[in-house]
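Novice: based on what follows, work out the 3D shape:
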Amino acid sequence: MKHYIVFVISSVLLFTSCLMVNNFETAQTAPVEQYQFFGNFSPYYFSLSTDELNEHVLFYPCAEFIVKSGINENSDIGVGIRAIGVGIEGIYIFPGLVLNSKYQFLKSKIDGAVSLEGAWYPGFIYGEDFNMFTLRSTLLFSQENAHRFPFRIALGAYLWNSVENEFSPSFVANIGFPIRFGPNRKFRLMPDLGFLYGSESGGLAQCGLSFGYVGEDVHEIKD
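Specialist: Numbers count the residues shown, from 1 in each chain. You can find the predicted model right below:
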């Protein structure tokens, strides 16, 4: 019975947005002493495995709100809240706290950065307290200057704790298209498609969309 409960809970955590596969970061950092605001929504998961649990497209909406600010010319920090949907009676995952930081090591026609994100989700599993922690490190390359094709590629690793408090690694890859618009290109719309693979999770894909205020394009490269 214990192994069955562990299997069910692990499946819920893997196939809902606790493990958020989407990544809405670009390599550009937030302007120094200015704020950026993002609302992100990831409605669907797609199973890439042949498990009976994963025969269908899964609709588990995940929504988050993130605030970021630059701390120097090459670094920023962010904080936010992430809410998920779980469709199984007896399992309740409450909105979680998200913290992230990014360092930009390349500023050119293509920007490069590394980022680190941690998240904590409290909840109840069949009446017992449960805390889930995730840690994600990512290498980012992007281009969002005016008059060039916008893109963002992200490669990274994910760690998450199971119900037995053992950490399981997964690998993540994302492709996104950061479209900036509005006065001085202060707003950004970004669709993202993410892929995750791990020994415990199998293969998953997730699609999502981000909309945010990013401020003036201070990093723009002139031709």
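Novice: so what's I153 closest to, chain neighbours aside?
Specialist: Once flanking residues are discounted, I153 sits nearest to F141: 5.0 Å by C-beta to C-beta, 6 or more residues apart in numbering. To be clear about C-beta, it is placed using only N, CA and C from the backbone, and glycine gets the same treatment.
Novice: show me the shaky parts of the protein.
Specialist: Applying pLDDT under 70 to the chain flags the ranges 1-19, 47-60, 85-90, 162-166, 199-202, 218-223.
Novice: helices along this structure, start to end?
Specialist: 2-15 (DSSP state H).
Novice: next up, phi/psi of the nearest residue to S210 once chain neighbours are set aside, please.
Specialist: Nearest non-adjacent residue to S210, counting by C-beta to C-beta, 6+ apart: F24, 3.8 Å away. When quoted as degrees, to the nearest 10, the phi and psi of F24 stand at phi -110, psi 20.
Novice: what's near enough to touch F24?
Specialist: 38, 40, 66, 176, 190, 192, 208, 210, 212 (C-beta atoms under 8 Å, 6 or more residues apart in numbering).
Novice: can I have the buried ones of those residues as a PyMOL selection?
Specialist: Restricted to buried positions by 16 or more other C-beta atoms under 10 Å, the PyMOL selection for those reads:
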select buried, resi 38+40+66+176+190+192+208+210+212
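Novice: among the contacts of F24, which are in strands?
Specialist: Among these, the residues falling in strands (DSSP state E) are 38, 40, 66, 176, 190, 192, 208, 210, 212.
Novice: which members of those residues are the farthest-apart pair?
Specialist: Greatest spatial distance among the ones in strands among the contacts of F24 (C-beta to C-beta): I66 and G176, at 14.8 Å.
Novice: so which of the ones in strands among the contacts of F24 is the closest to L106?
Specialist: Using C-beta to C-beta, these come closest to L106 at G176, 17.7 Å.
Novice: which ones are touching that closest one?
Specialist: 23-24, 26, 151-152, 154, 190-193.
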